[in-house]
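# Output the structure for:
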Amino acid sequence: MSTVEAIEQAVERLDKNDLASFREWFHAFESSEWDSQIERDITAGKLDALADEAIAEFRSAKTRQL
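Numbering: from 1, shown residues only. Here you go, the predicted structure:
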């Protein structure tokens with residue numbers, strides 16, 4: 001049995017309250033991982049071209065207010 005399978009089985013056995021707690025924890029964990037990945041991408045310059053394009057469109061009035 002893989003670790004993932006063991007985790008899946010353990011989650012399936014959680015009662016309602018523990019499942020809610022796990023869901024909250026996992027959401028926070030996943031959000032933190034996402035934030036870390038974005039920070040790494042920013043530091044590596046992976047988003048520079050997109051930012052430059054957005055700024056250029058804004059300056060040339062090709063944007064609209066939401």
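# Quick one: the helices in the protein, in order.
3-12, 16-43, 48-59 (DSSP state H).
# As JSON lines, these with distance to residue 65 and mean neighbour count would be great.
(C-beta placed from N, C-alpha, C; glycine too.) Shown next, in JSON lines, are those (distance: least, C-beta to C-beta, whole Å; neighbours: other C-beta atoms under 10 Å):
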{"stretch": "helix 3-12", "distance to residue 65": "44", "mean neighbour count": "10"}
{"stretch": "helix 16-43", "distance to residue 65": "25", "mean neighbour count": "10"}
{"stretch": "helix 48-59", "distance to residue 65": "11", "mean neighbour count": "10"}
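# Turn those helices into CSV, columns for mean pLDDT.
Listed next are the helices of the chain as CSV, based on pLDDT from 0 to 100:
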stretch, mean pLDDT
helix 3-12, 97
helix 16-43, 98
helix 48-59, 95
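# Spatially central residue in the chain, please.
Nearest to the mean C-alpha position of the chain, by C-alpha atoms, centre = their mean, lies residue 34 at 3.1 Å.
# hmm, back to that, let me know which of the helices of the chain is the nearest to residue 66.
For residue 66, the closest of the helices of the chain is helix 48-59, at 12.7 Å, according to C-beta to C-beta.
# Need the residues that contact that closest one.
Applying C-beta atoms under 8 Å, 6 or more residues apart in numbering, the external contacts of helix 48-59 come out as residue 63.
# so how far is that helix from its chain's centroid?
The chain centroid and the centroid of helix 48-59 are separated by 23 Å under C-alpha atoms, centre = their mean, to the nearest Å.
# and that helix with helix 16-43, angle?
80 degrees (axes from the mean of the first three to the mean of the last three C-alpha atoms, to 10 degrees).
# Nothing else from me, thank you.
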